[in-house]
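> predicted coordinates and the sequence they were generated for:
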Amino acid sequence: MRILLVGINYAPDLIGVAKYNAELCDSLVAEGHEVRVITAPPYYPAWKIPPAFKSSYFRSRDINGVRVTRTPIYVPRHPSGAKRLVHHASFALTSAAPVLFEALSWRPDVMIAVAPSLMSAAFVSFVARRVGAKSWLHVQDFEVDAAFDLGLLRNPSLRKWMLRVEAAILKSFDNVSTISQAMVERLRIKGLRPDRTAEVRNWIDTTAICPDSRATKYRQELNFGEDDIVALYSGTMSNKQGLELVIEAAIGLEKSHPHIHFILAGEGPDKMRLKRLAAGHRNIHFLGLQPNDSFNQLMATADFHLIPQKAEAADLVLPSKLGAIFASARPVIAMAEEGTGLAAEVTNAGLVIPPGDSSALELAICQLSEAPALRERYGEEGRKRALDRWDRRTIARRWSEAMTGQGNATGQTNVGLTGAANDIGIPVEDAVRSP
């Protein structure tokens with residue numbers, strides 16, 4: 001089967017949507033499908049394009065058996081709401097010609113669009129109908145809801161117009177999937193029929209991320225003692241994560257609990273602001289984005305993990321980092337409203353506290369730091385859930401079967417995806433190297 005995927009993010013970006021797009025395509029190739037991708041140059045989470053990509057636009061390259069074509073885009077150094085709109089619009093504009101060319105010359109059987117970016121998805125469904133291909137939209141993030149709920153955009157009239165456009169785009173696809181059951185329900189609230197929706201959660205390679213000793217190189221490099229407790233956040237550092245709540249909790253516990261340390265690992269547009277907030281506090285440590293071969297050690301460094309969240313962002317997305325946390329057999333403290341998808345996932349494998357409440361975060365951190373038996377029990381339950389619900393090979397196989405008509409993913413929950421390939425971790429030069 002011929003499959004064309006159109007999405008703004010792809011390898012060699014190591015985190016976020018790029019990781020799952022690349023692993024899905026690798027999985028489909030491993031199952032014998034022909035796969036091509038129209039994407040942008042890597043830029044996330046640093047919001048900066050590597051110089052090596054500036055001369056490689058519109059030229060196809062082979063990455064692990066997938067033919068990848070990149071198009072130029074506008075990447076703002078400091079992304080605001082308006083600049084993000086221009087950013088996504090630029091990809092919709094520059095990707096249109098390659099999408100049309102591949103659709104007419106190659107005649108794919110399935111055309112997949114990944115949101116973000118929803119703007120480019122509209123053209124994918126339009127072209128798919130014209131060439132007789134099945135169209136499939138996979139929603140990683142509700143971009144319109146997030147932009148307004150987080151205050152990146154504020155105009156009420158613009159919101160109404162954008163929601164109407166979003167609804168029209170969603171309804172134009174044959175199938176629409178998203179990454180949690182709560183987000184599936186949101187799709188149905190937006191007007192989609194149950195038989196056209198599916199939950200396809202983000203997966204984790206449970207062989208690569210697995211329980212390991214807490215005596216890691218990171219603890220040695222940071223001079224932590226055996227009795228020191230580590231609370232870890234690993235991921236993107238942007239406005240919607242609410243990481244200032246972690247800084248506030250760390251400052252509040254610095255004098256009373258000096259043995260509790262906080263590690264924030266990753267990159268993003270908010271990192272410098274967070275560093276300024278944390279300046280002078282010795283219990284707060286920043287790391288960069290870690291390579292794949294060290295990631296399991298990073299996860300094992302933690303006694304427990306943190307998923308902060310602003311109240312405005314509640315249930316807009318099920319954080320993909322949750323699968324890795326569970327797979328590492330460490331508990332998690334997650335900010336989520338009761339009754340949301342995130343709260344349901346975390347209950348009995350960690351602590352759920354109200355979004356936006358740094359005082360509740362302090363109390364939860366103290367509770368887990370003083371209860372090693374509870375941490376162990378939560379960690380064991382998390383590992384079990386990772387194997388049951390987040391395994392990569394199961395999820396990718398089911399999605400592949402659904403696209404080929406051998407299975408039926410739509411209308412189901414806990415659809416699993418994964419493939420036979422290993423985690424993506426290719427350097428920049430490999431991504432632009434000629435086949």
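Thanks, I have it.
> all strands of the stretch 51-200 of the chain, in order?
60-63, 66-70, 110-115, 134-139, 175-178, 197-199 (DSSP state E, counting those that start in this stretch).
> quick one: closest of these to Phe295.
Among these, the nearest to Phe295 by CB to CB is strand 60-63 (20.2 Å). C-beta: built from backbone N, CA, C; applies to glycine.
> would you put the C-alpha positions of that closest one in PDB?
Coordinates of each C-alpha in strand 60-63 appear next as PDB, following Å, rounded to 0.1, in the frame of the first residue of the first chain:
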ATOM      1  CA  SER A  60      13.800  14.100  -1.500                       C
ATOM      2  CA  ARG A  61      16.000  12.100   0.800                       C
ATOM      3  CA  ASP A  62      15.700   8.500   2.000                       C
ATOM      4  CA  ILE A  63      15.500   8.200   5.800                       C
END
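> buried residues in that strand?
For strand 60-63, the neighbour count (16 or more other CB atoms under 10 Å) marks 60-61, 63 as buried.
> that older thread, for the strands of the stretch 51-200 of the chain, which one ends up most surrounded?
strand 110-115 (a mean of 27; mean count of other CB atoms under 10 Å).
> coming back round to it: JSON lines for the buried residues of strand 60-63, including pLDDT and distance to Ala182?
Listed next are the buried residues of strand 60-63 as JSON lines, based on pLDDT from 0 to 100; distance: CB to CB, whole Å:
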{"residue": "Ser60", "pLDDT": "90", "distance to Ala182": "38"}
{"residue": "Arg61", "pLDDT": "91", "distance to Ala182": "37"}
{"residue": "Ile63", "pLDDT": "93", "distance to Ala182": "33"}
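> circling back to that earlier point, export the strands of the stretch 51-200 of the chain to JSON lines and tack on distance to Glu401?
Formatted as JSON lines, those follow (distance: least, CB to CB, whole Å):
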{"stretch": "strand 60-63", "distance to Glu401": "24"}
{"stretch": "strand 66-70", "distance to Glu401": "20"}
{"stretch": "strand 110-115", "distance to Glu401": "12"}
{"stretch": "strand 134-139", "distance to Glu401": "13"}
{"stretch": "strand 175-178", "distance to Glu401": "13"}
{"stretch": "strand 197-199", "distance to Glu401": "12"}
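> do you know the pLDDT at the nearest residue to Gln140 once chain neighbours are set aside?
Excluding the flanking residues, the one nearest Gln140 by CB to CB, 6 or more residues apart in numbering is Val17, at 4.9 Å. At Val17, the pLDDT value in this model is 89.
> ramachandran angles for Val17?
Main-chain dihedrals, Val17, degrees, to the nearest 10: phi -60, psi -30.
> how many neighbours does it have?
Neighbourhood size, Val17 [other CB atoms under 10 Å]: 22.
> same question for Asn223.
When counting by other CB under 10 Å, one arrives at 8 neighbours for Asn223.
> same thing with the one 10 residues further on?
Applying the criterion other CB under 10 Å, we find 19 residues in the vicinity of Tyr233.
> so what does whichever strand or helix holds it touch, helix or strand wise?
For Tyr233, the host element (DSSP states H and E) is strand 229-234. The contact analysis (3 or more CB pairs under 8 Å, 6 or more residues apart in numbering; DSSP states H and E) places strand 229-234 against helix 244-253, strand 260-265, helix 292-301, strand 304-307.
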